[in-house]
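Novice: Return a 3D structure for these sequence lines:
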Amino acid sequence: MENPSREEIKGILKEAKIIAVVGLSDNPERTSYQVSAAMQDAGYEIIPINPTVTEVLGVKAVPTLKELTQPVDIINVFRRSEFLPEVAREAESVEAKVFWAQQGLFNEEAAEIAKNAGMTVIMDRCIKVEHALTK
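Specialist: So this is what the prediction gives:
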């Protein structure tokens, strides 16, 4: 699996407005929190997807992707690589353009599932870093 080019990623980030963040922690020390806070500060709407928290960054959390009530542009995943296929299968039921696994995360099976569901797949890249590169 190969990621889209930097130009394509730039286009994705320019068009995107809503990011569902799977595994978003309410702990400010965690990478998921810091990255999501930066994306929220950059103007994106963040929807926390985590069954163990009620609210993150001032936004009510949704327990699972299946319980989303609105389409999202990007599903940004902060779960270990072995959980990516499960998240990708859940993502099939969501109207989303992009399945994005954070830096250090990669799973070929998950990439296939998301791709077959019609999503652009980005893996092992940090959305905050990529966004900074678009400026």
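Novice: what are the ranges of the helices in this protein?
Specialist: 6-15, 31-41, 84-91, 108-116, 127-133 (DSSP state H).
Novice: for the second one, packing partners?
Specialist: Here helix 31-41 is seen to pack against strand 18-22, strand 45-49, helix 127-133 when contacts are counted using 3 or more C-beta pairs under 8 Å, 6 or more residues apart in numbering; DSSP states H and E. From N, CA and C alone the C-beta is placed, and that goes for glycine too.
Novice: 10 Å - rerun?
Specialist: Packing partners of helix 31-41 (3 or more C-beta pairs under 10 Å, 6 or more residues apart in numbering; DSSP states H and E): strand 18-22, strand 45-49, strand 55-56, strand 72-77, helix 127-133.
Novice: about what we covered before: any chance of the helices of the chain in CSV, plus mean neighbour count, mean pLDDT and distance to Leu68?
Specialist: Formatted as CSV, those follow (neighbours: other C-beta atoms under 10 Å; pLDDT from 0 to 100; distance: least, C-beta to C-beta, whole Å):
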stretch, mean neighbour count, mean pLDDT, distance to Leu68
helix 6-15, 14, 96, 19
helix 31-41, 18, 98, 16
helix 84-91, 21, 97, 10
helix 108-116, 18, 97, 15
helix 127-133, 17, 95, 18
